[in-house]
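Participant: Here is the input, now give the coordinates:
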Amino acid sequence: MIAAWRPRQARVPSRASCADRDRAERTFDDDRHCATYELAACFMQAEQPLLPTPAPERWWAAQVMVIRTPDERLVWLSALASRRAAGITAMLSFFAGFLIVDGYSACQQLAGQLKGIQQCCQHVIRRCRAVARLGPGGLQSWATDIITVLREAQQAVQDAAARGQPADADLLTGLRQRYDTAAAFGITHNRLRDWDGDGNHPGYALGCWLAGHAAQVWLFTTEPGVEWTGNSAERAVKGPKRHQAVSGYWHTQDTLGRWCRIRSYLDSARNHGLTALEAIHAALAGNPWLPATPATD
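Facilitator: All right, here's what the predicted structure looks like:
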């Protein structure tokens with residue numbers, strides 16, 4: 001699963017080399033046993049310059065990519081120089097499971113190698129709430145209908161899973177029809193609506209997106225094991241954000257990359273029952289903790 005968090009603008013000195021970035025992206029390449037799992041990821045952008053320089057025009061944005069398995073025990077933090085598609089797709093080239101995304105279009109390039117893509121419904125709900133507030137009046141209430149339908153679908157899937165049975169197909173079909181109708185309403189009634197901002201009216205843009213990505217929004221109803229949100233990754237990003245708030249910033253891209261690798265190891269080990277001291281001692285002794293590799297047929 002992949003989800004993304006979009007933070008405020010940040011800058012890094014451009015002297016961080018491509019080799020440094022590639023090395024950071026290969027941090028966890030040895031964990032190939034994750035290739036058929038579900039993954040969740042967030043993108044955290046540093047809120048402070050990583051290295052003050054007298055030439056601010058040479059700075060760019062540094063980010064931390066957070067990837068997490070649904071059980072929230074394996075955590076992978078990786079330093080990125082940017083959210084460019086090439087870096088993201090290269091980092092996840094080994095993965096062939098289900099991915100939750102936040103609408104970031106670059107992730108669609110991975111569709112051919114994945115079992116499926118699930119759009120994070122929490123992000124969909126946020127976008128719907130933003131459109132519903134626009135008006136005029138109750139004209140954008142179709143966006144609220146989308147929220148209601150998705151929550152009812154999730155409740156139906158959850159209740160069915162608790163009973164050990166598949167969700168009611170007729171119920172889900174009816175909910176999907178309501179979703180399609182609401183999205184079509186949003187497209188029709190906002191196609192030519194005046195908008196003070198750039199581009200199309202947000203209601204029209206959202207309606208088109210919902211219609212075009214409907215299969216990915218509804219994947220969780222046909223694949224019960226797939227979560228409907230990327231909240232596990234959202235929670236994983238709290239640690240880096242807290243470190244950033246306390247420490248201010250990382251001095252270089254290399255420093256950020258090393259911090260991510262160490263933090264990934266300690267967090268994952270802790271989530272599997274080891275203390276930080278035990279994990280550090282094992283690593284210094286040349287026998288670092290590693291997650292068990294699933295048995296293969």
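
Participant: quick one: buried residues of stretch 237-247?
Facilitator: Within stretch 237-247, the residues scored as buried using 16 or more other Cβ atoms under 10 Å are 237, 239-241, 244. C-beta coordinates here come from the backbone N, C-alpha and C atoms, glycine included.

Participant: Inside strands: which ones of those residues?
Facilitator: Counting by DSSP state E, no part of the buried residues of stretch 237-247 is found in strands.

Participant: I'd like these written out as JSON lines, with pLDDT and distance to L219 added.
Facilitator: Shown next, in JSON lines, are the buried residues of stretch 237-247 (pLDDT from 0 to 100; distance: Cβ to Cβ, whole Å):
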{"residue": "V237", "pLDDT": "76", "distance to L219": "23"}
{"residue": "G239", "pLDDT": "75", "distance to L219": "28"}
{"residue": "P240", "pLDDT": "75", "distance to L219": "28"}
{"residue": "K241", "pLDDT": "75", "distance to L219": "29"}
{"residue": "Q244", "pLDDT": "72", "distance to L219": "33"}
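
Participant: What average pLDDT does stretch 96-116 get?
Facilitator: Here stretch 96-116 scores 85 as its mean pLDDT.

Participant: Let's see it as PDB, backbone CA atoms only.
Facilitator: The C-alpha coordinates for stretch 96-116 follow below in PDB (Å, rounded to 0.1, in the frame of the first residue of the first chain):
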ATOM      1  CA  ALA A  96       4.600  -6.900  -6.700                       C
ATOM      2  CA  GLY A  97       1.800  -6.800  -4.100                       C
ATOM      3  CA  PHE A  98      -1.000  -4.300  -3.300                       C
ATOM      4  CA  LEU A  99      -0.100  -0.700  -3.100                       C
ATOM      5  CA  ILE A 100      -2.100   2.100  -1.400                       C
ATOM      6  CA  VAL A 101      -1.500   5.500  -3.000                       C
ATOM      7  CA  ASP A 102      -2.700   9.000  -2.300                       C
ATOM      8  CA  GLY A 103      -3.400  10.000  -5.900                       C
ATOM      9  CA  TYR A 104       0.300  10.600  -6.800                       C
ATOM     10  CA  SER A 105       0.200   9.900 -10.500                       C
ATOM     11  CA  ALA A 106       3.700   8.500 -10.700                       C
ATOM     12  CA  CYS A 107       2.600   5.400  -8.800                       C
ATOM     13  CA  GLN A 108       0.400   4.500 -11.800                       C
ATOM     14  CA  GLN A 109       3.600   3.600 -13.600                       C
ATOM     15  CA  LEU A 110       3.900   0.600 -11.300                       C
ATOM     16  CA  ALA A 111       0.400  -0.800 -12.200                       C
ATOM     17  CA  GLY A 112       1.800  -3.400 -14.600                       C
ATOM     18  CA  GLN A 113       3.900  -5.100 -11.900                       C
ATOM     19  CA  LEU A 114       1.400  -4.900  -9.000                       C
ATOM     20  CA  LYS A 115      -1.500  -7.100  -8.000                       C
ATOM     21  CA  GLY A 116      -3.500  -3.900  -7.600                       C
END
